[in-house]
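1. everything below, folded, please.
(2 chains)
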Amino acid sequence: MTFRRFGQILFAGFLLFCAATLLPGGAPAVSGQETGTSLELSGFLVDAQGQAIAGAEVLVYLDDAEEAAAHTESREDGSWVVRLPDSPASSVRVEIERAHFEPYHYELSPDELLQLITDGVFSLRQITLENHIGLGFWVAGLTFVIVLLLIAFEKLKNTLAALLGISVVFISTFIGGAITPDLYIFDFERALTYINWEVIFLVMGMMIVVGIIEGTGIFQWLAFMAYRASRGRISLLIVVLIVITSVASALLDNVTTMLLMAPISIQIALALNISPLALLVPEILASNVSGISTLIGTPTNILIGAYADISFNDFLIFQTPGVLAAMVVMTLYVLFHYRHEISKHPGGISPTLYAKLQENARIKDPRALQRALVVFSGMLIFFAIGESLHLVPAVTALVGATILLLWVEPDIEKMLMAVDWMTLVFFMALFMLVGAVQEVGILGLFAGAMGQLIGESIVLGIIVMVIGVGLLSFGIANVPLAAAMLPVVRFLSSGIPGAESKVLYYALSMGAAMGGNGFLIGGETNLMTSGIAERAGVPITFMGFMKIGVPVTLLTLATGALWLWLRFVVMGA
Amino acid sequence: MTTILCATRGGEASVRTQMRAIEMAKEQKANLVFLYIADVKFLDRMSGSIVVDVAAELENMGEFLLLMAQERAEKAGVQAETLVKRGEFRQALLEAAQETGASTIVLGSPGEGGSITKREYLEELAASLAEETGIQTIIV
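-> Down below sits the predicted model:
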């Protein structure tokens, strides 16, 4: 066995192990003390926004004793149960403590005490803990804002900015917390609970699949076929290239798709003697919009899907038609915007140039492409039927990636490079940072304010989420924005009648992605394509992009909002 | 016989630069070499790693752009050669000048709008190349 083959098997084994850890296991252990009498005291903890509070310490004191007779911690759903070691003679006092909340004290009335003794159980029902705004609140909030600004102004790479942010949070907790408890935010164990491993493994699996498929040259070849088939009809060429970019972005990575599509599109445009921007800009816009038509198309959708338990099929049913409608509107506007280029009489090219174009667009590895398409088709089937098999998309992605590694036998070092470890670390650090902001109650307060603004109107909720998040996306990177908005959307979804259909999650997905088309700096797809255009001597200017990007963004956001209103409000989910 | 090295890309501004180099080659009866540099420094702005060989894609594009330039020269009655280099712009230009034995380098001035290459940078580059190698650099 060669070293290369050994490496492939080792890597594939690692991926399979990851997949196995994601498969559903046994029932989780229940926390809390279970000793002594059969008397049980229970309750349910929520914050001011009605969200469950986990990890709160519940202490029960019997008969004015100074030491707690029993204690437990509230679970993820906010519930807690305490079994009393002795039967109380005169009183039962409950004290609840949790960082970032005011302490809560309650003493059972004589009637309640009697009920506890006679029935054996007594529930304090829902207890609302008031937020405590301390130094930790401000440290977490300011850190989060600074991280967003560092990313937006490109002062630090995403990963480094997020790592810096979470480091500040831990320094505040462990060093600051030792000086004054007010600086405590959360401990490492609690921070880890905020990392969504399903997202991490799905993104990792898809990176390998993307690396193999996109390296085969399929998209360059398709673009060349579009050039040949259009026979000089520029409007048709633009439409076909939009379709190719859209399909690629819906199933694979947007930035990689554009890094491959841009050079060949520039060559096609120059061959036709039209401005390369007439092909490149529509492709960028299409890539950003169509990426959200499936669960696996963008990291934001993967994030939303895992958080809100929205399946691959749910996205196809509830989101894809809206995205298609937005794409039609976008295409019509693009054809109008580039009408002067479209009306040009296309030039011809010499046989030498044509041969070079054909050579640049050839399929680089037909065997790998064939196998990759077979495996990827299988993956799509399992993404679709996975829900009925209790198979999470991350497992499908990891198993698919493993099969590809074993069957296609790519260079293992190349494949290790295809896994973008920096992005995976960014996700982990970001999850913890958003967790810190959630932990101190900032997102809860923000959600409460948004809840007051929206009231009980689902229509207003859709508009605020699609348009509001869309406008924020003009300047804020969409992954941190979506990650921060998820707890807010969860709160709104539980309070607005009709929002339990998860419509606001789809609205968040549309807003975060479509908003990226507003400015050239709105997303990496835009910036990387602009970099390639620069290298071809046809720079995409900020103003030039804005002239088409802003109207397209507003039109697609409006179309998306209209679809969600039609599908969820008019037709009912 | 002297050699003119013309670093070029593919936009309208580049065509102007190419035509000026062709005219110079014709006047001076010099060899003409068109150069494309696949500089992927812009990828540094990417937050994650890149899974495809972008430099290779740029090299392919560069070969196509240089073929177009070569055809322009041919139409004007000048035989031109092409050269594609990968790397940082200044270093690759220097290497190409040494490889081809160029006596003159022709660079295009930045076009309108979003070009990241500023005229001041090119003037500075021209001065340092002249000092380092004695090669004359003309900015069109």
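2. report the contact partners of A:Q358.
-> Neighbouring residues of A:Q358 by C-beta atoms under 8 Å, 6 or more residues apart in numbering or on different chains: A:F224. Any C-beta I mention is one placed from the backbone N, CA and C, and that applies to glycine too.
3. okay, and it sits in which element?
-> Element membership of A:Q358, judged by DSSP states H and E, is helix A:351-360.
4. which bits of the stretch 251-400 of chain A sit near chain B?
-> Proximity of the stretch 251-400 of chain A to chain B, by C-beta under 8 Å from any C-beta of the partner chain, involves residues A:253, A:255-256, A:259-260, A:263-264, A:266-267, A:270, A:276, A:350, A:352-353, A:356-357, A:359-360.
5. show me which of the residues you listed are buried.
-> A:253, A:255-256, A:259-260, A:263-264, A:266-267, A:270, A:276, A:353, A:356-357, A:360 (16 or more other C-beta atoms under 10 Å in any protein chain shown).
6. out of those, which sit inside helices?
-> Secondary structure from DSSP state H places A:255-256, A:259-260, A:263-264, A:266-267, A:270, A:353, A:356-357, A:360 of those in helices.
7. farthest-apart pair in these, please.
-> The most widely separated members of those, counting by C-beta to C-beta, are A:V255 and A:L353 (28.6 Å).
8. so A:K502 versus A:I310, what's the distance?
-> Going from A:K502 to A:I310 by C-beta to C-beta, to the nearest Å gives 6 Å.
9. likewise A:F446?
-> 22 Å.
10. cool, A:N478 as well?
-> When A:N478 is compared with A:I310 (using C-beta to C-beta), they lie 17 Å apart.
11. and the helices in the stretch 251-400 of chain A, which stretches?
-> A:254-272, A:277-290, A:299-308, A:312-318, A:320-337, A:339-342, A:351-360, A:366-385, A:393-408 (DSSP state H, counting those that start in this stretch).
12. run through who's touching the fifth one.
-> Outside of helix A:320-337, the residues within contact range by C-beta under 8 Å, 6+ apart are A:235, A:238-239, A:242, A:246, A:281-282, A:285-286, A:289-290, A:292-294, A:342, A:506, A:510, A:514, A:547-548, A:551-552, A:555-556, A:559-560, A:562-564, A:567.
13. what's the helix or strand for the nearest residue to A:L41 once chain neighbours are set aside?
-> Of all residues beyond its chain neighbours, the one nearest A:L41 is A:V82 (4.8 Å), with distances taken as C-beta to C-beta, 6 or more residues apart in numbering or on different chains. Following DSSP H and E, the helix or strand that holds A:V82 is strand A:79-83.
14. likewise B:L32?
-> Going by DSSP H and E, B:L32 is part of strand B:31-38.
15. check whether the following helix or strand past that strand comes near chain A.
-> Following strand B:31-38 in sequence order, the next helix or strand is helix B:54-75 (DSSP H and E). Yes: judged by C-beta under 8 Å from any C-beta, helix B:54-75 comes into contact with chain A at B:54, B:57-58, B:60-61, B:63-65, B:67-68, B:71.
16. what's the burial count for A:T159?
-> 22 (other C-beta atoms under 10 Å in any protein chain shown).
17. correct me if wrong: it contacts A:V425.
-> Yes: between A:T159 and A:V425 there is a contact under C-beta atoms under 8 Å: 5.3 Å.
18. helices or strands up against the lowest-mean-pLDDT helix or strand in chain B?
-> Least confident helix or strand, chain B: helix B:119-133 with a mean of 83, by mean pLDDT, DSSP states H and E. Counting contacts by 3 or more C-beta pairs under 8 Å, 6 or more residues apart in numbering or on different chains; DSSP states H and E, helix B:119-133 packs against helix B:89-100, strand B:104-107, strand B:136-139.
19. for chain A, find the nearest of the ones you listed.
-> For chain A, the closest of those is helix B:89-100, at 10.0 Å, according to C-beta to the nearest C-beta.
20. buried ones in that closest one?
-> B:89, B:92-94, B:96-97, B:100.
21. kindly report the same for stretch B:57-74.
-> Of the residues in stretch B:57-74, those buried (16+ other C-beta under 10 Å) are B:57-70, B:72-73.
22. spit out the contact partners of the nearest residue to A:L527 once chain neighbours are set aside.
-> Sequence neighbours aside, B:R45 is the residue nearest to A:L527 in space, at 5.8 Å (criterion: C-beta to C-beta, 6+ apart). Contact analysis of B:R45 by C-beta under 8 Å, 6+ apart lists A:154, A:524, A:527-528, A:531.
23. same list (those) but as CSV, adding distance to A:S473.
-> CSV is the format used below for these (distance: C-beta to C-beta, whole Å):
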residue, distance to A:S473
A:E154, 16
A:E524, 13
A:L527, 14
A:M528, 17
A:G531, 21
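24. just those: which are in strands?
-> Among the contacts of B:R45, none falls in strands (DSSP state E).
25. with neighbour count and pLDDT as extra columns, can I get those residues in JSON lines?
-> Rendered in JSON lines, the data for the contacts of B:R45 read as follows (neighbours: other C-beta atoms under 10 Å in any protein chain shown; pLDDT from 0 to 100):
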{"residue": "A:E154", "neighbour count": "13", "pLDDT": "75"}
{"residue": "A:E524", "neighbour count": "19", "pLDDT": "83"}
{"residue": "A:L527", "neighbour count": "20", "pLDDT": "88"}
{"residue": "A:M528", "neighbour count": "23", "pLDDT": "90"}
{"residue": "A:G531", "neighbour count": "24", "pLDDT": "90"}
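26. so which of those residues would you say is closest to chain B?
-> A:G531 (3.1 Å).
27. burial count for A:L389?
-> Residues near A:L389, counting by other C-beta under 10 Å: 10.
28. my bad, should have said A:P551
-> Neighbours around A:P551, by other C-beta under 10 Å: 16.
29. who touches it in this structure?
-> Taking C-beta under 8 Å, 6+ apart as the test, what A:P551 contacts is A:Y333.
30. and it, how close does it get to B:Y121?
-> From A:P551 to B:Y121 the distance is 34 Å (C-beta to C-beta).
31. where does chain A dip in pLDDT?
-> Applying pLDDT under 70 to chain A flags residues A:1-37, A:417-418, A:573.
32. okay, now the domains of it?
-> Following automatic domain parsing, one finds the domains of chain A at A:40-128, A:135-197, A:217-362+A:441-570.
33. which one, of these, ends up nearest to B:A21?
-> domain A:217-362+A:441-570 (14.4 Å).
34. what segments of the stretch 451-573 of chain A are helices?
-> Counting by DSSP H, counting those that start in this stretch, the helices of the stretch 451-573 of chain A are A:458-463, A:469-472, A:478-495, A:503-514, A:524-535, A:542-564.
35. with respect to burial, which of the domains of chain A scores highest?
-> domain A:217-362+A:441-570 (a mean of 22; mean count of other C-beta atoms under 10 Å in any protein chain shown).
36. hmm, A:F170 and A:A140 touching each other?
-> No: A:A140 is beyond contact range of A:F170, at 11.2 Å (criterion: C-beta under 8 Å).
37. show me what stretch A:364-384 is in contact with.
-> Contacts with stretch A:364-384, where a contact means C-beta under 8 Å, 6+ apart, come from A:209, A:212-213, A:215-218, A:251, A:295-296, A:312-313, A:316, A:363, A:389, A:391, A:393, A:396-397, A:399-400, A:403-404, A:407-408, A:410.
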